[in-house]
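Peer 1: Next input, structure requested:
(chains A and B)
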Amino acid sequence: MHEWALADAVISTVQRLYEENGRKRVLSVQVLIGELQHIEMEVFSMGLQNLLSEHPFSSDVFHFETEKASFRCNACGNEWLLEKHPDLGEEELEAIHFLPEAAHVYMRCPSCGSPDFALKKGRGVTIKSIDLSDD
Amino acid sequence: MIDPRLDVIGKRLEPVRRIIPVSSAKGGVGKSVCAALLALSFSQGGYRTGLLDLDFQGASAHLLLDVRLEFPEEEAGIKPLRTGNAELDFMSFAAFSREHTVPLRGSEVSQAMLELLAITIWNPLDFLLIDMPPGIGDEIFDVLRYLRHPEFLVVTTPSRLVRHVVERLVAMLSELKVPMVGVIENMVRSGSDSQAAQLAETYGTTLLGSVPFQEGIDDLLAAAAKGDRLPETLANSIRSITARITSADR
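Peer 2: Model prediction:
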């Protein structure tokens, strides 16, 4: 259910931009969902729908795109995808779901074993673009 | 790309009246102990109090406050954990990392801090104390950037070396015109050569008081979080400090 807090954040940003731009009609909002956070889309969408009741735009304007999580090791330069970690347990995945940086606690570079790696893409919820009407 | 979390942090902290980051430029001066002592004292004084441990790599406030580490309950966000008998709201990276090592670079610390601030649903609080990591780095600048009206509390000790380093932090906060609730001098033994009053005065802030050195403070605090009494001298010094903070209440 903490997806609702993130849906609330997305709506807050759209509301701010809507007001800053003279309350022009919101045509579309492209939301990027990073694989690492394991967002439950059904819960996230339900959160959006419920929270949008007090806002002047509907859930129809929101479009979602998922992004695979990819990593790069700062120690050896190895690059890999999340699917290289099938060994992550339920508790570990849950921790990463709440706080994606917990990945650094539970994951290591598959090549050299270093915990010093960077998440290149696919962390969590970001807004890729917002289109407002010209009229 | 737009980070939506930035737009919701203010809303999350609306129920919090005063935010006090407990900071020091030097490690090992007792920031966590002071933050926990203050949190207990505020709570026992009837103030609704929370503690946020932002020292991700050295998270320890949960040990001082007898917090059982578990995933937080979810309800349109995550609910703070509760401490032993102390009825404090509590949040820490340790709820997710448990007792594992937390190897984060600065940008990752900032990301984790943003996430916690964006998803934690604080109850109405009079005081939210923040246990800050040592140093003048990402966490300090992130707190200054993302939180409205933080009032820094700076911890020093009678050590000349500590005071020398801590002065850099106080000078920077003063230069940036960041509100400071005051300075605490920790680990004071009888006959200590205190320079803390002078430090506070130089930078236009207040010496809130001294905290005596206390053998076994970690265990005493954990017991106090369960309801035991702290040694009288220690308890009085903390009560005096919290009284000074609340007397300056806005």
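
Peer 1: For chain A, which residues are neighbours of chain B?
Peer 2: When proximity is defined as CB under 8 Å from any CB of the partner chain, chain A approaches chain B at A:1-2, A:4-6, A:8-10, A:12-13, A:15-16, A:32, A:47, A:74, A:94-95, A:98-102, A:104-106, A:115-116, A:118-119, A:123-128, A:130. In short, each C-beta sits where N, CA and C put it, glycine included.

Peer 1: Drop anything exposed from those residues.
Peer 2: A:2, A:4-6, A:8-10, A:12-13, A:15, A:32, A:47, A:95, A:98-102, A:104-106, A:115, A:119, A:123-127, A:130 (16 or more other CB atoms under 10 Å in any protein chain shown).

Peer 1: taking the residues of chain A next to chain B one by one, which sit in helices?
Peer 2: Taking DSSP state H, the ones among those that sit in helices are A:4-6, A:8-10, A:12-13, A:15-16, A:47, A:94-95, A:98, A:104-106.

Peer 1: Alpha carbons only: can I get stretch B:232-247 in PDB?
Peer 2: C-alpha atoms of stretch B:232-247 as PDB (Å, rounded to 0.1, in the frame of the first residue of the first chain):
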ATOM      1  CA  GLU B 232      19.200  11.700  38.500                       C
ATOM      2  CA  THR B 233      22.100  13.900  37.400                       C
ATOM      3  CA  LEU B 234      21.800  12.800  33.800                       C
ATOM      4  CA  ALA B 235      18.000  13.100  33.800                       C
ATOM      5  CA  ASN B 236      18.200  16.600  35.300                       C
ATOM      6  CA  SER B 237      20.700  17.800  32.700                       C
ATOM      7  CA  ILE B 238      18.400  16.600  29.900                       C
ATOM      8  CA  ARG B 239      15.300  18.000  31.400                       C
ATOM      9  CA  SER B 240      17.000  21.400  31.800                       C
ATOM     10  CA  ILE B 241      18.000  21.300  28.100                       C
ATOM     11  CA  THR B 242      14.500  20.300  26.900                       C
ATOM     12  CA  ALA B 243      13.000  23.000  29.100                       C
ATOM     13  CA  ARG B 244      15.300  25.600  27.300                       C
ATOM     14  CA  ILE B 245      14.200  24.300  23.900                       C
ATOM     15  CA  THR B 246      10.500  24.400  24.800                       C
ATOM     16  CA  SER B 247      10.800  27.800  26.400                       C
END
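
Peer 1: hmm, who's touching that stretch?
Peer 2: Applying CB atoms under 8 Å, 6 or more residues apart in numbering or on different chains, the contact partners of stretch B:232-247 are B:20, B:37-38, B:40-42, B:45, B:47, B:153, B:181-182, B:184, B:206, B:208-212, B:214, B:217, B:220, B:229-230.

Peer 1: again, 7 Å this time
Peer 2: Here stretch B:232-247 makes contact (CB atoms under 7 Å, 6 or more residues apart in numbering or on different chains) with B:37-38, B:41-42, B:45, B:181, B:184, B:208-212, B:214, B:229.

Peer 1: so where do the strands sit in chain B?
Peer 2: Counting by DSSP state E, one finds strands in chain B at the ranges B:16-23, B:49-53, B:81-82, B:89-92, B:125-131, B:152-156, B:180-188, B:207-212.

Peer 1: next one: chain A
Peer 2: Under DSSP E, chain A gives strands at A:26-34, A:62-67, A:70-73, A:79-81, A:117-121, A:125-132.

Peer 1: closest to B:G58 out of those strands?
Peer 2: Distance to B:G58, taken as CB to CB, is lowest for strand A:117-121 among the strands of chain A, at 21.2 Å.

Peer 1: could you check the angle strand A:26-34 makes with the closest one?
Peer 2: 150 degrees (axes from the mean of the first three to the mean of the last three CA atoms, to 10 degrees).

Peer 1: Skip the chain neighbours and tell me the closest residue to B:V188.
Peer 2: B:S210 (4.3 Å; CB to CB, 6 or more residues apart in numbering or on different chains).

Peer 1: Next up, the contacts around residue 33.
Peer 2: Since you didn't name a chain, this refers to chain A. Shown in contact with A:I33 (CB under 7 Å, 6+ apart): A:39, A:64, A:66-67, A:125.

Peer 1: right idea, wrong chain: chain B
Peer 2: For B:V33, the contacting residues are B:64, B:217, B:221, by CB under 7 Å, 6+ apart.
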